[in-house]
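> sequence and predicted model, in that order:
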Amino acid sequence: MKKFYFIELLLVLALIMTGCAARKAGPVENPVPAKRFYESNIDYHNIIPKINYKGNQSISVIVHDKRPYVLSGEKGSEYVGFFRGGFGRPYDLGTETLKTLADELVYCITAGLNAAGFTTGKTNKIVTIDIVEWMTVSGGGLISFSAGTELHYKLIVKIFDDKNNLLVQQEIKGADDLKCSLSQIYKAIPEGTEKLLSRILNADDIRKELIK
């Protein structure tokens, strides 16, 4: 937890210094938009969902991020949630690679399918996922009086054939308790994501269509 208190202190000092610099420099014409900054980052890039069946179809995976706060520009497409520091203040979490969450999920799902014998190329089936909600929430601190970490999600999963006929559609939503403290999120969030993706790909309706 000391790491996060130290981050808070650095951020406060940075804000003070930035304010002082702005007063000295005066107004700036045509400012360049700053890159999005995340106080901490989660590594999704080594996730491989565990698929309990084999297949030989060629599968394409497409993920669309339809989270309202991403579409509005309030949050970046690499945003994955937040944690609360020592005084309850929320700090944003982003992907470790700073690639979009949609790109990271495509990479993970494709890796899982490849490990199960599926290929890419001439497509027989298309898996699409709409991210309606995806947010990890980790609480803690002296004032927030909250602890633990949850993954909140709502996903629309569809499978199409190569003629764009809809074969199956499922809505998957929930809030999974990752059973970890703030200091354990870097391990627990990727593990929780892997379990969720494995659960989706092993669902009976999805399995039947992918191996058909």
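Cool, the structure landed. Numbering: from 1, shown residues only.

> where exactly do the helices run in this structure?
2-25, 68-71, 101-115, 185-201, 204-211 (DSSP state H).

> got the contact list for Val70?
Going by C-beta atoms under 8 Å, 6 or more residues apart in numbering, Val70 touches Gly76, Ser77, Tyr79. No exception for glycine: its C-beta is placed from N, CA and C like everyone else's.

> so who does the last one touch?
By C-beta under 8 Å, 6+ apart, the contact set of Tyr79 is Arg36, Tyr38, Tyr69, Val70, Asp92, Leu93, Gly94, Leu101.

> tell me, how many residues neighbour the fifth one?
The reference is to Asp92. Asp92 has 18 neighbours, counted by other C-beta atoms under 10 Å.

> correct me, but it touches Phe82?
Yes. Asp92 lies in contact with Phe82 (C-beta atoms under 8 Å); the separation is 5.4 Å.

> for the protein, name the helix or strand with the lowest mean pLDDT.
Here the helix or strand of the chain ranked lowest by mean pLDDT, DSSP states H and E is helix 2-25, holding a mean of 40.

> distance of Ile48 relative to Arg89?
35 Å (C-beta to C-beta, to the nearest Å).

> I meant Gly76, not that one.
19 Å.

> between these two, which one's more packed in?
More crowded of Gly76 and Arg89, by other C-beta under 10 Å: Gly76, with 19 against 16.

> ok, the more buried one touching Arg36?
Yes. Counting by C-beta under 8 Å, Gly76 touches Arg36, with 4.3 Å between them.

> quick check: neighbours shared by the two?
Among the neighbours of Gly76, those also in contact with Arg36 (C-beta under 8 Å, 6+ apart) are Gly94.

> mean confidence for stretch 78-95?
The average pLDDT within stretch 78-95 is 89.

> endpoints of that stretch, how far apart?
Stretch 78-95 stretches 6 Å from its first residue to its last (C-alpha to C-alpha, to the nearest Å).

> how many neighbours does Lys179 have?
Other residues near Lys179 number 11, with proximity taken as other C-beta under 10 Å.

> oops, could you answer that again for Thr100 instead?
So Thr100, with other C-beta under 10 Å, has 19 neighbours.

> Val168 touches Arg207, doesn't it?
No. Using C-beta under 8 Å, Val168 is not in contact with Arg207, being 10.1 Å away.

> check what pLDDT the closest residue to Thr119 other than its chain neighbours gets.
Leaving aside its sequence neighbours, Thr119 sits nearest to Ser58 (C-beta to C-beta, 6 or more residues apart in numbering; 4.9 Å). On the pLDDT scale, Ser58 is placed at 96.

> can you list the buried residues in stretch 116-125?
Ala116, Phe118, Asn124, Lys125 (16 or more other C-beta atoms under 10 Å).

> stretch 184-192 too?
Buried residues in stretch 184-192, counted by 16+ other C-beta under 10 Å: Ile185, Ala188, Ile189, Pro190, Gly192.

> contacting residues for the first one?
It refers to Ile185. For Ile185, the contact set (C-beta under 8 Å, 6+ apart) comprises Ile42, Phe83, Leu93, Thr136, Ser138, Thr149, Leu178.

> can you list contacts of stretch 196-212?
By C-beta under 8 Å, 6+ apart, the list of residues contacting stretch 196-212 reads 47, 49-55, 57, 59, 105, 108-109, 112-113, 118, 125, 127, 151, 153, 155, 157, 159, 167-168, 170, 172, 176.

> having no further points to raise, I will conclude here.
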